[in-house]
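please find the sequence and the predicted model below.
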Amino acid sequence: SMDAFLKPKKGAPAPKNGGDAPGNGDAPTVKAVTYGLPTMTDADGDTAKEANAEGRTITVEYEALYVVATYVPNSGDKLQRHAFRTDVWDKRLGEYLKQLETTGAGQGSPGKPVVWCGDLNVAHLDQDIWNVGAKHLVKTPGTTPKERASMSALLEEGGFVDTFRHQHKDVGGWFSYWSVRAGNRPWNRGLRLDYFIASAALLDPAASGPKVVD
């Protein structure tokens, strides 16, 4: 939860002149909103052009951090976008998150911690899959070994943390997707595809600024 950051303490004064956040102080001021994945360009190929035109990334800058919301491209029923997703998208997205953290979004916006959230279209760990070990998973979008390994690399190389897994390391059975066609929701036969990923600084109790809490 980011409630400690996103909502002021009771009795906190509203911003002067009304501010520009909804509710006159109920949320922090938005400094900028940008769209797209700027580290991914036309040089990355036609699929990259398509993905950038699909409106998959929104970045919101606050005073203390950036929030990046993404709908990560699905690899496709026939894995037709699998190579693009792991070899291009994941790498460019990782570069972008690190850029925001270290040097900022440009035009005078400094580097600051990042929260990355949304439908990331990958069931990262065994605990994120209800039927882990099933033979078809290696050819199913979102559960292929390469997608899962790519997610590991993005987190480890960037120094980012899966906030749910940080708080609940080995727990299973917590999913965000269930096949409607198969009627899996009542049986909790699902996958965890939706995440909140954060810069390590947001989980450091000794660091100043907003914190991720359980």
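Received the coordinates, thanks. Numbers count the residues shown, from 1 in each chain.

all helices for this protein, in order.
Along the chain, counting by DSSP state H, helices occupy 3-6, 46-53, 82-84, 90-102, 145-158, 163-167.

and Val212, how many neighbours?
Applying other Cβ atoms under 10 Å, we find 22 other residues in the vicinity of Val212. Just so you know, the C-beta spots here come from the backbone N, C-alpha and C atoms, and that holds for glycine as well.

my read: it touches Ile197, true?
No. Taking contact to mean Cβ atoms under 8 Å, the distance of 10.1 Å between Val212 and Ile197 leaves them out of contact.

intersection of neighbour lists for those two?
Both Val212 and Ile197 are contacted by Val115, Thr163, under the criterion Cβ atoms under 8 Å, 6 or more residues apart in numbering.

picking that back up, so which of the helices of the chain is the most packed in?
For the helices of the chain, average neighbour numbers computed from mean count of other Cβ atoms under 10 Å are highest in helix 90-102, which has a mean of 20.

coming back round to it: same list, the helices of the chain, but as CSV with distance to Thr29 and mean pLDDT please.
Converted to CSV, the helices of the chain look like this (distance: least, Cβ to Cβ, whole Å; pLDDT from 0 to 100):
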stretch, distance to Thr29, mean pLDDT
helix 3-6, 12, 44
helix 46-53, 28, 95
helix 82-84, 36, 98
helix 90-102, 18, 97
helix 145-158, 27, 97
helix 163-167, 23, 95
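
would you turn these into a markdown table with distance to Ala64?
Formatted as a markdown table, the entries for the helices of the chain read as follows, by distance: least, Cβ to Cβ, whole Å:
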| stretch | distance to Ala64 |
| --- | --- |
| helix 3-6 | 7 |
| helix 46-53 | 28 |
| helix 82-84 | 34 |
| helix 90-102 | 13 |
| helix 145-158 | 19 |
| helix 163-167 | 16 |
